[in-house]
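1. Here is a sequence together with a model predicted from it:
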Amino acid sequence: MTGSTTEQQEPQPTSPAAQQGSVVDLGEIEVVSERLLRERVQSFTREATAPPPGRPLARWDRRVCVGVSNLDGRYARFMIDRVVMLANDLGLETGEPGCRPNIIIAAAADANELARGLVKDDAFSFRPAQSGASLGEAALARFQSTDAPVRWWHVSLPVTMDGGDIALGLLGDFEFGPEGPQPLSVRVREVSRLRANTREDLQRATIIINTERVGFVGFGALSDYVAMVALAQMAPEADTSAYDTVLNLFRPGANRSAGLTQWDRDYLKALYSARRDYARPTQQVRAIVSEVIAQHDQRPQ
């Protein structure tokens, strides 16, 4: 009787050198992964954010008050709650109903007309200083003329670390000396190469939703988008297609119901966790990058 048999091969032993090489390879893969993540966060912080030229990134200090106008009451309340919830997650306090808003959200069919009217009626609130408090005159002109579904304008100011006093001469602020009126000067404590005497505080955020341009998007996703730009100085014209962020909400082909992503939450948490007295913006960016990586490493992979 004949039949077929299969000759079984005995497993070949793996040499210690090969085993060690395998471990090394895995280690190299992990190192590359962290390096790539670091580069991506650095790129995002450089490309997608927009502090005033030469200034560090600003954030809200302790309390925000959110106001929404020109939306149906239940939608307005929903959007306020989304912003408040995210602000609370970042350690901020939020004002009670009736507080004076420093995050101002409005909807309009003619968003350009609304923007022009707001700037005309209260120009100082949009540019309280010649420089260092906002993105400048050209950017303010774009704020009043863009066709973006959502536009925003931030005002931030340097304040002293020890007392919270404004450390920037505002338009119209003068002191009188021997040579007549001079721009107001602010005295701060001693200078350090490692730590600044001031920090950057957000003072006001104005966000306008163009109801003619928003299109079909989930209202929860829209509210998350608004919350993101309300709490961080994001660049209105940045290309964020390379990143998993709610800022892609209005890009062609985007998921119109997707809200805040883990990337967004990690960035915001890092921004609000970083020390506030770095002497140079580059030090702040490195701290934000390190915090994002730490959050990533703490999650189960």
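-> Cool, got the structure.

2. quick one: the helices in the chain?
-> Using DSSP state H, the helices found in the chain span residues 16-47, 73-89, 111-121, 123-126, 137-143, 219-231, 262-273, 281-298.

3. Any idea which of those helices gets closest to residue 198?
-> Proximity to residue 198 (C-beta to C-beta) singles out helix 281-298 among the helices of the chain, at 12.6 Å. The way it works is simple: take the backbone N, C-alpha and C, and place the C-beta from them, glycine included.

4. angle of that closest one against helix 262-273?
-> Interaxial angle of helix 281-298 relative to helix 262-273 (axes from the mean of the first three to the mean of the last three C-alpha atoms, to 10 degrees): 130 degrees.

5. what's the burial count for residue 215?
-> Neighbourhood size, residue 215 [other C-beta atoms under 10 Å]: 10.

6. tell me the contacts of it?
-> Contacts for residue 215 (C-beta atoms under 8 Å, 6 or more residues apart in numbering) come out as 149, 250, 256.

7. now, which of these sits nearest residue 39?
-> Lowest distance from residue 39 to the contacts of residue 215 (C-beta to C-beta) belongs to residue 250, with 26.1 Å.

8. Could I get the contacting residues of that closest one?
-> Residue 250 touches 148-150, 214-215, 217, counting by C-beta under 8 Å, 6+ apart.

9. Derive a PyMOL selection command for the buried subset of these.
-> Burial among those is assessed by 16 or more other C-beta atoms under 10 Å; the matching PyMOL selection reads:
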select buried, resi 148+149+150+214+217
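
10. out of the contacts of residue 250, which are inside strands?
-> Under the assignment DSSP state E, the contacts of residue 250 contribute residue 150 to strands.

11. circling back to that earlier point, just the helices of the chain: most buried one?
-> helix 219-231 (a mean of 23; mean count of other C-beta atoms under 10 Å).

12. picking up where we left off before, turn the helices of the chain into a markdown table, including distance to residue 245 and mean pLDDT.
-> Below are the helices of the chain laid out as a markdown table (distance: least, C-beta to C-beta, whole Å; pLDDT from 0 to 100):
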| stretch | distance to residue 245 | mean pLDDT |
| --- | --- | --- |
| helix 16-47 | 8 | 67 |
| helix 73-89 | 14 | 97 |
| helix 111-121 | 23 | 97 |
| helix 123-126 | 26 | 92 |
| helix 137-143 | 21 | 96 |
| helix 219-231 | 8 | 98 |
| helix 262-273 | 5 | 97 |
| helix 281-298 | 13 | 91 |
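
13. Residue 207 is nearest to which of those helices?
-> helix 219-231 (5.7 Å).
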